[in-house]
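A.B. asks: here's my sequence, what's the structure:
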Amino acid sequence: MSDTTQTNAMAEIALALAMGFFSIMVLTMVSMGGGMMSQSVKSALDDDPVALANTVEKNEPDQAKGASRNVQPENLLIYYQDRFLDHRFKPVDPTRLVGRDKIVLAVDPDLSMSATMQVRKRVSAQDITVVVLNDKWLKALQEAKL
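C.D. replies: Okay, here's the model as predicted:
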């Protein structure tokens, strides 16, 4: 007589233990990887410091996520087709914005992240929020033939 039921039970127990250890390993790797990710981001920021806190708006409790806010026209700076423009689509020198409190830099959505960061560095203001141009602005810029 063969003892297959006992062998099958032992195989089932071994499989259950293996799955348990694998789950613990995955959880450990995920929890350890979170800290390592933030350290690598921190070291990347140390190499090329960018005031990310100024580029990301903090959500206020009374404001819905994704809701738009009105921006003062003099604080709006548009970067479109390698040119800086004001709210009337007139050329602007980005180095003359030092005295402004808050600048909103609107860029083309097709602009890469590295190009956006290079554009941001060219603006001499301290507090800059980077946003992408929506369809209305893009249409208006195309109609202005800039």
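A.B. asks: please count neighbours and contacts with C-alpha atoms only from this point.
C.D. replies: Fine.
A.B. asks: now the strands for the protein?
C.D. replies: Along the chain, the segments classed as strands by DSSP state E run 76-80, 83-85, 103-107, 128-132.
A.B. asks: same for the first one, what does it pack against?
C.D. replies: Other elements packing on strand 76-80 under the criterion 3 or more Cα pairs under 8 Å, 6 or more residues apart in numbering; DSSP states H and E are strand 83-85, strand 103-107.
A.B. asks: go through the ones you listed and name the closest to residue 126.
C.D. replies: Closest approach to residue 126 among the helices and strands packed on strand 76-80 (Cα to Cα): strand 103-107, 8.3 Å.
A.B. asks: and residue 109, what pLDDT?
C.D. replies: Reading off the confidence values, residue 109 has pLDDT 87.
A.B. asks: residues contacting it?
C.D. replies: Residues near residue 109 by Cα atoms under 8 Å, 6 or more residues apart in numbering: 132, 133, 134.
A.B. asks: what is the burial count for the first one?
C.D. replies: In other words, residue 132. 18 (other Cα atoms under 10 Å).
A.B. asks: switch to numbering from 50
C.D. replies: Sure thing, new numbering starts at 50, so read that last one as residue 181.
A.B. asks: which residues does it contact?
C.D. replies: Contacts of residue 181 (Cα under 8 Å, 6+ apart): 155, 156, 157, 158.
A.B. asks: doesn't residue 186 make contact with residue 155?
C.D. replies: No: with contact defined as Cα atoms under 8 Å, residue 155 and residue 186 do not form a contacting pair (9.5 Å).
A.B. asks: re earlier: now the helices and strands packed on strand 125-129 in JSON lines, with distance to residue 142 and mean neighbour count?
C.D. replies: What follows is those, written out as JSON lines (distance: least, Cα to Cα, whole Å; neighbours: other Cα atoms under 10 Å):
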{"stretch": "strand 132-134", "distance to residue 142": "7", "mean neighbour count": "18"}
{"stretch": "strand 152-156", "distance to residue 142": "13", "mean neighbour count": "22"}
